[in-house]
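Enquirer: Just need the structure, nothing else, for what follows:
(chains A, B, C and D)
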2 protein chains.
Amino acid sequence: MIRLLIADDQAMIRGAFAALLALEPDFEVVAQVATGDQVVPEALRTRPDVALLDVQMPSLDGLAAASSLHEQLPACRVVILTTFGRPGYLRRAMEAGALGFLVKDAPPEQLIDAIRRVHAGLRVVDPNLAAETLSVGESPLTGRERDVLSAAVDGGTVAEIAGRLYLSEGTVRNHLSSVIGKTNARTRADAARIATRNGWL
Amino acid sequence: MIRLLIADDQAMIRGAFAALLALEPDFEVVAQVATGDQVVPEALRTRPDVALLDVQMPSLDGLAAASSLHEQLPACRVVILTTFGRPGYLRRAMEAGALGFLVKDAPPEQLIDAIRRVHAGLRVVDPNLAAETLSVGESPLTGRERDVLSAAVDGGTVAEIAGRLYLSEGTVRNHLSSVIGKTNARTRADAARIATRNGWL
DNA sequence: CGCGGCCAATGACAGATGTCATGCCCGGAC
DNA sequence: GTCCGGGCATGACATCTGTCATTGGCCGCG
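Expert: Next comes the predicted model:
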C-alpha cells in the first residue's frame, strides 16, 4: 500500500486527483493540503510514502516545500506536478531532492506509473522537458538582476522599481539593460516574459 | 443518469475529473476531448446531457465552443470551468448560453452539485465572481484598441506592432495611450496586465 | 441632415527608457 | 598580494513612449 499526500491550491483539482488515485488498489490518499506551508506538518503527522506537490501554491511554493520536506522527512519521496513545464522549475525540483517531475498535460496513467516508480526509489522526469532544460541552461541572471526584473514584471516604471528596491534609477536601468541583453529580449516586458517562461524568476 | 462530456486540454486533469465524477452513481462520463473544436462533433455523437468545458483550450477556447454547442445542440447544458476567475469570462460565458460557471478552486462537491442543478435547468454561478463581474463592468476597449493591446502583450515595440497590424506608428501610440487611460494603467505593460486580469483580451 | 463614435494619420513635445563609458567598493580566486 | 566579477552609482546620449491637438473618412442614429 502506497500512502499519498496531495498538495494543490485548487480544491477541485486536489479532489479530482484524490479520486483518480484512490481508484488504484495499492494507493491510499492519507492527506490533502492546499498550501506549501502545510506540507511538512501534515507529512509528519500522516507519514506518507509519496508526496505530490504542485508548483504553484500560496505562501510557500511546491519547490520550497519539497526541499524542506526532503530535509525533515527523507523517507517521503517527492513528485512535483505542474501546469507549466518551465525548465527552471525542473532544475530547482531536482535540487530540492524531488524524484519525480511531471506536467499536468501528461496522461493520468503516467502519473500513476510515476508514483509507483518513485516509490521504488527511481527517478521519473518528463523527457521533453528534460531535453528543453538542458538546451535552455541555467539562469544567466545575477541575484540582483533577478530582483530588479521581478519588480518590473507588473509593469511599473523605473522610478517605482528604484524606490521599491532602494536603488538609484540609473542602477535599475543598468540592471534592466543587462537583463535585456542576456535574454535577447527587445524590451523589459519581453525580458520578463522570457525569464518567466524559462522559470528564472 | 446524467451523461457528461469533459473538455480540458490537460489530459491529467481531464482524467482526474472523469474519475471524480464517475464516483457519483447518477453520473456517466460519455466523452472526453482535449480541444475546443472537438466538442461539437463529439457531443453530436455521444449526446451528453451536460458538457464541462475548460476556458483555456487550444484551437477554440471553451467560451467559443460553448456558443456553437449551445447553437447546435441546445439540449446539452453547458458548465464552464476555469482556473482563472476573470470577470470577462463570466460575461462571455453567459452570452454563449452557458448555465454554469465555476472556478477550479471551489470544492469538488460544488462541481457535482452544480452539474445536478444545471442538468435540472438551473443557473449556477460562483457568487464572488458574479459580484466582481458587476463591479468591473464590461470592457471599455474598442475593437481596435483590443487588437493593438493584444499585439503588445508579448513585449514588442511600437514599430513591430504597427508592422504587424499595418498601421502607422502614431496610430498605434494613440491607441495604446487611449488604452492606458481607460485602464488607469501607468505603462502599456501594466495595461496589458490589467486587461488580461479582467478577461478583456 | 447633423452629431457623435470609431478609426487612421500627422506633427510636436516632454519625459521615460535603453545603452555606454567610467568609477568605486568589496569579496573570492589565483 | 593581484586580479576579476558582481553590485552600485553617475553622467551623457540617442531613441522610444505617452500625450495632445488636429484633421479626415466612415458609419449609424436621431
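Enquirer: Provide the backbone phi and psi angles at the residue nearest to the spatial centre of chain A.
Expert: The centroid of chain A falls nearest to residue A:55 when counting by Cα atoms, centre = their mean (3.5 Å). Main-chain torsions, residue A:55, degrees, to the nearest 10: phi -70, psi -50.
Enquirer: what residues are up against it?
Expert: Contact partners of residue A:55, counting by Cβ atoms under 8 Å, 6 or more residues apart in numbering or on different chains, are A:61-63, A:80-84, A:89, A:93. Yep, even glycine has a C-beta here, placed from its N, CA and C like the rest.
Enquirer: List buried members of those residues by neighbour count.
Expert: A:61-63, A:80-83, A:89, A:93 (16 or more other Cβ atoms under 10 Å in any protein chain shown).
Enquirer: Looking at those residues, which are in helices?
Expert: A:62-63, A:89, A:93 (DSSP state H).
Enquirer: Serialize those to JSON lines and add fields for distance to residue A:120.
Expert: Listed next are those as JSON lines, based on distance: Cβ to Cβ, whole Å:
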{"residue": "A:62", "distance to residue A:120": "22"}
{"residue": "A:63", "distance to residue A:120": "23"}
{"residue": "A:89", "distance to residue A:120": "24"}
{"residue": "A:93", "distance to residue A:120": "19"}
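Enquirer: Redo those as TSV? Include pLDDT.
Expert: Shown next, in TSV, are those (pLDDT from 0 to 100):
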residue	pLDDT
A:62	96
A:63	96
A:89	95
A:93	95
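Enquirer: Now for the residue nearest to residue A:86 when sequence neighbours are not counted, how many residues are close by?
Expert: Using Cβ to Cβ, 6 or more residues apart in numbering or on different chains and skipping residues adjacent in sequence, the residue nearest residue A:86 is residue A:199, 3.3 Å away. Number of residues near residue A:199 (other Cβ atoms under 10 Å in any protein chain shown) recorded here: 22.
Enquirer: got the contact list for residue A:199?
Expert: Taking Cβ under 8 Å, 6+ apart, we find residue A:199 in contact with A:84, A:86-92.
Enquirer: mind checking the SS state of it?
Expert: coil (DSSP: H, G, I helix; E, B strand; the rest coil).
Enquirer: hmm, the helix or strand of chain A with the lowest mean pLDDT in reach of chain B?
Expert: Lowest on mean pLDDT, DSSP states H and E among the helices and strands of chain A sits helix A:127-136, with a mean of 90. No: Helix A:127-136 stays clear of chain B (Cβ under 8 Å from any Cβ of the partner chain), getting no nearer than 14.1 Å.
Enquirer: nearest to residue A:16, of the buried ones among the contacts of residue A:55?
Expert: residue A:81 (12.4 Å; Cβ to Cβ).
Enquirer: quick one: the residue nearest to residue A:86 from residue A:63, how far?
Expert: 10 Å (Cβ to Cβ, to the nearest Å).
Enquirer: tell me, what's touching these two both at once?
Expert: Contacts common to residue A:199 and residue A:63, judged by Cβ under 8 Å, 6+ apart, are A:89, A:92.
Enquirer: which residues of chain A score low on pLDDT?
Expert: Applying pLDDT under 70 to chain A flags no residue at all.
Enquirer: Could you pull out the strands in chain A for me?
Expert: A:2-7, A:27-33, A:50-54, A:77-82, A:100-103, A:124-125 (DSSP state E).
Enquirer: if I pick residue A:94, what's in contact with it?
Expert: Taking Cβ under 8 Å, 6+ apart as the test, what residue A:94 contacts is residue A:101.
Enquirer: Please tell me how far it sits from DNA strand C.
Expert: Noted for residue A:94: a distance of 23 Å to DNA strand C, by Cβ to the nearest atom of the strand, to the nearest Å.
Enquirer: tell me which parts of chain A are close to chain B?
Expert: With Cβ under 8 Å from any Cβ as the criterion, chain A meets chain B at residues A:9-17, A:19-20, A:23, A:83, A:102, A:104-108, A:110-111, A:154-157, A:160, A:185-193.
Enquirer: and stretch A:137-152, which residues are buried?
Expert: Of all the residues in stretch A:137-152, those buried under the rule 16+ other Cβ under 10 Å are A:139, A:141, A:145-152.
Enquirer: If we check DNA strand D, which of the residues you listed are in contact?
Expert: residue A:145 (Cβ under 7 Å from any atom of the strand).
Enquirer: residues in contact with the biggest helix by length in chain A?
Expert: The residue-count maximum for a helix in chain A (DSSP H) belongs to helix A:169-183. By Cβ under 8 Å, 6+ apart, the residues outside helix A:169-183 that reach it are A:140-141, A:144-145, A:148-149, A:152, A:158-159, A:161-162, A:165, A:185-188, A:190-191, A:194-195.
Enquirer: Would you mind measuring from the residue of chain A positioned farthest from its centre to chain B?
Expert: Here chain A reaches farthest from its C-alpha mean at residue A:170, the gap being 32.9 Å by Cα atoms, centre = their mean. Distance from residue A:170 to chain B, counting by Cβ to the nearest Cβ, to the nearest Å: 19 Å.
Enquirer: before we move on, the earlier item: I'd like the contacts of residue A:55 laid out as JSON lines, including distance to residue A:51.
Expert: Below are the contacts of residue A:55 laid out as JSON lines (distance: Cβ to Cβ, whole Å):
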{"residue": "A:61", "distance to residue A:51": "14"}
{"residue": "A:62", "distance to residue A:51": "9"}
{"residue": "A:63", "distance to residue A:51": "13"}
{"residue": "A:80", "distance to residue A:51": "9"}
{"residue": "A:81", "distance to residue A:51": "10"}
{"residue": "A:82", "distance to residue A:51": "14"}
{"residue": "A:83", "distance to residue A:51": "18"}
{"residue": "A:84", "distance to residue A:51": "20"}
{"residue": "A:89", "distance to residue A:51": "16"}
{"residue": "A:93", "distance to residue A:51": "12"}
